[in-house]
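# structure of the sequence below:
(2 chains)
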Protein chains: 2
Amino acid sequence: MYKEELLSCHGRISPFVHETPVLTSSLINDKIGCEVYFKCENFQRAGAYKIRGATNAILKLTENQRKNGVVTHSSGNFAQAVSLAAKSLGVTSHIVMPTTAPHVKKEGVLAYGGIVYECEPTVEARQSLADQISSDKGATFLHPSNDIDVIIGQGTAAIELLDKQPDLDAIFCPVGGGGLIAGTSLSAKYYGQNCKVLGGEPFEADDAYRSLLSGKIENNETANTIADGLRTTLGDTNFPIIKSNVSKIVRVTEEEIISAMRLVWERMKIIIEPSSAVALAALFRDESENEGNYHNKKIGIIISGGNVDLSNLPF
Amino acid sequence: MYKEELLSCHGRISPFVHETPVLTSSLINDKIGCEVYFKCENFQRAGAYKIRGATNAILKLTENQRKNGVVTHSSGNFAQAVSLAAKSLGVTSHIVMPTTAPHVKKEGVLAYGGIVYECEPTVEARQSLADQISSDKGATFLHPSNDIDVIIGQGTAAIELLDKQPDLDAIFCPVGGGGLIAGTSLSAKYYGQNCKVLGGEPFEADDAYRSLLSGKIENNETANTIADGLRTTLGDTNFPIIKSNVSKIVRVTEEEIISAMRLVWERMKIIIEPSSAVALAALFRDESENEGNYHNKKIGIIISGGNVDLSNLPF
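Have a look, this model is predicted:
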């Protein structure tokens, strides 16, 4: 079912999203002794992969639902993605953002035509305001990661990567709310040739690692990580997919994240956000803990986005 | 003569340099009302266009000259370019660097196999040590910008750009020692279709602007600019080429440089050095001073490099 849906989703969203490039770095290849293929969603519209899922979810609405608009809550990339996707499709978007969200992100949403509603920075306040807007306006609520249409949409980045490099041995991607890794794992299952999927997660927000251990959705006890996109937790739609299809979650330290981010900035001359650096840091750590494991292998990495606050860098 | 030489140079150096991508940004296009094509030499080997000229100059040496190695003095990109080009071609490189050169640049040269010689940070000390090495070792001196083989080599970036976008109305590039803009202007003359070449220069280091006004090579009175690659002055080989083929030099403020650099980092998600941002800043300024001049035009910009010190950013 998902197999066909991934392809039809890719066809459906293609007019509205970029096919991002796949880059390599001979220095990084030499460091690990393998070939690493970076799927650069930092070059995606609105600077992150999130527009894939947002576009798919909106395109799957009925004509009538589209007329009433969509609503979501997000302090980050999903807010901008929904506003831009909605704008491209002529749909009104209502975006609930915490008062603590960076000014630049609110401006981004406004620039893409989203209507911003501010709320207290708690999960309850966000959800309750979003619910209220949904009932007042008849707008459809879009969840950033726990919605099957969003998950399938996010999986299309890996479809494009595997189209260019069909014989990848593994794909690493960051794990936040679980939408990206769930979608990626479905693409690898149906369109890879025995391609594993591994997640990278900060020690500081290791809910997915612990969820796979315990077999049930765990919360984050801390979320004190520079990888701000990964502070969220898994959901009941994506967790079963992750449980069935993800081989392993590799946890990394804050130092490892910053060092991987710096390496990519300095050597590849591309801007990636800390959450994306988590995936590369996970590959480095897994290689060093299992030396030679990746020797001569072909590895994909999903660079999830490039939205960073240049006034607040960790270097 | 230069017409054929540009093409044969391109063929000669192609096995040793990357054909870098040409990128666009719809946001920047919308800002100016034209199409802007960025030739991304920040993705070049050693992070800058300089390897083109260095490779060409070394390939033009006789077998005997190559045996005795090459020598240059540089605190920046040319030092790394010569070491890497020499290494690729199996030639020994002697690199004179001032004691004040950033540690990271010395490490870069050493990593590429160059032999580093430290000297006092004056033009005289540099040249005298380079001359001494040249006479001691029989090594051929390579000038970073005032050597026709280097100039022709740097011109190949514009050849590739014009190959992809043959009908550019103009190309902007930064002006430092004059090698890049001289080479670019020859490529535009012989391979463009009525394609102008304009230079961008900081007000703080506007020797080329004043040289074109006075008709003779002027020195910089100050060089207090963030665009560290542009603090050098023109030479007697490149100045006549620039005088004949460059339409205009546009000067920009430090604020304009930083703002253009930030725009490219934030919106295009690529790392460009301040010197490269000067070219985009010059386009913005020339557009605002001559409103509508670039409307619906096709403009090329040479992004000269991406080597920045991440610990010392202007944001």
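# quick one: the helix or strand bottoming out on mean pLDDT in chain A near chain B?
Least confident helix or strand of chain A, by mean pLDDT, DSSP states H and E, is helix A:103-111 with a mean of 87. No. With CB under 8 Å from any CB of the partner chain as the criterion, chain B is not reached by helix A:103-111; the gap is at least 8.7 Å. Every residue, glycine included, has its C-beta placed from N, CA and C.
# now do stretch A:38-55
Yes. For stretch A:38-55, a contact with chain B is found by CB under 8 Å from any CB, at A:42-43, A:47.
# quick one, helices of chain A?
Here chain A has its helices, by DSSP state H, at A:2-13, A:26-32, A:50-59, A:63-67, A:77-88, A:103-111, A:123-137, A:148-154, A:156-164, A:179-191, A:207-214, A:238-245, A:254-263, A:274-289.
# of those, which approaches residue B:245 most closely?
helix A:26-32 (35.7 Å; CB to CB).
# and that closest one, does that touch chain B?
No. Between helix A:26-32 and chain B, judged by CB under 8 Å from any CB, nothing touches; the nearest distance is 9.1 Å.
# what's the mean pLDDT across that helix?
In this model, helix A:26-32 has an average pLDDT of 93.
# helices and strands around it, which ones?
strand A:35-40, helix A:274-289 (3 or more CB pairs under 8 Å, 6 or more residues apart in numbering or on different chains; DSSP states H and E).
# residues in contact with the closest residue to chain B within the stretch 101-250 of chain A?
The minimum distance from the stretch 101-250 of chain A to chain B, using CB to the nearest CB, falls at residue A:104 (8.7 Å). The contact partners of residue A:104, taken as CB atoms under 8 Å, 6 or more residues apart in numbering or on different chains, are residue A:309.
# tell me, how many residues neighbour residue A:295?
Close neighbours of residue A:295, defined as other CB atoms under 10 Å in any protein chain shown, add up to 10.
# how much space between it and residue A:264?
Counting by CB to CB, to the nearest Å, the separation of residue A:295 from residue A:264 is 22 Å.
# and for residue A:232?
Remark: distance between residue A:232 and residue A:264 (CB to CB) = 23 Å.
# residue A:245 too?
The spacing between residue A:245 and residue A:264, counted by CB to CB, is 27 Å.
# the more surrounded of the two?
Counting neighbours by other CB under 10 Å for residue A:245 and for residue A:264 shows that residue A:264 has the greater number, 23 against 18.
# just checking, that one touches residue A:279?
No. Applying CB atoms under 8 Å as the test, residue A:264 and residue A:279 come out as separate, 10.5 Å apart.
# to residue B:227, which of the helices and strands packed on helix A:26-32 lies closest?
Using CB to CB, the nearest of these to residue B:227 is strand A:35-40, at 27.3 Å.
# not counting its neighbours along the chain, what's nearest residue A:45?
Setting aside the residues directly before and after it, residue A:45 is nearest to residue A:51 in space (CB to CB, 6 or more residues apart in numbering or on different chains), at 5.1 Å.
# okay, now that neighbour: neighbour count?
Applying other CB under 10 Å, I find that residue A:51 has 28 neighbouring residues.
# that one: what's it in contact with?
Residue A:51 touches A:16-17, A:44-45, A:81, A:84-85, counting by CB under 8 Å, 6+ apart.
# closest to residue B:9 out of those residues?
Once CB to CB is applied, the member of those that ends up nearest residue B:9 is residue A:44, at 36.9 Å.
# neighbours of that closest one, just the number please.
With other CB under 10 Å as criterion, residue A:44 counts 25.
# then the one 4 residues further on?
Other residues lying near residue A:48 total 26 when counted by other CB under 10 Å.
# what of residue A:309?
Counted with other CB under 10 Å, residue A:309 comes out at 14.
# I'd say it and residue A:103 touch.
No. With contacts counted by CB under 8 Å, residue A:309 stays clear of residue A:103, the gap being 9.8 Å.
# just the buried ones out of the residues of stretch A:38-55 next to chain B, please.
Among the residues of stretch A:38-55 next to chain B, those buried by neighbour count (16 or more other CB atoms under 10 Å in any protein chain shown) are A:42-43, A:47.
# which of these has the weakest pLDDT?
Where pLDDT dips furthest among these: residue A:47, at 94.
# who in the stretch 151-300 of chain A is up against chain B?
Counting by CB under 8 Å from any CB, the stretch 151-300 of chain A comes close to chain B at A:262, A:265-266, A:269-272.
# ok, 7 Å please
A:262, A:265-266, A:269-271 (CB under 7 Å from any CB of the partner chain).
# any chance of those in JSON lines with pLDDT as columns?
What follows is those, written out as JSON lines (pLDDT from 0 to 100):
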{"residue": "A:262", "pLDDT": "97"}
{"residue": "A:265", "pLDDT": "98"}
{"residue": "A:266", "pLDDT": "94"}
{"residue": "A:269", "pLDDT": "97"}
{"residue": "A:270", "pLDDT": "98"}
{"residue": "A:271", "pLDDT": "98"}
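# of those residues - the most surrounded one?
Most surrounded of these: other CB under 10 Å gives residue A:271, at 26 neighbours.
# isn't that one right next to residue A:308, touching?
Yes. Proximity of residue A:271 to residue A:308 meets the contact threshold set by CB atoms under 7 Å, at 6.4 Å.
# residue A:298 against residue A:168, yeah?
Yes. Assessed by CB under 7 Å, residue A:298 is found in contact with residue A:168 at 5.0 Å.
# which one of the two has more residues nearby?
More neighbours surround residue A:168 than the other of residue A:298 and residue A:168, with 23 against 16 (other CB under 10 Å).
# cool, thanks, talk later.
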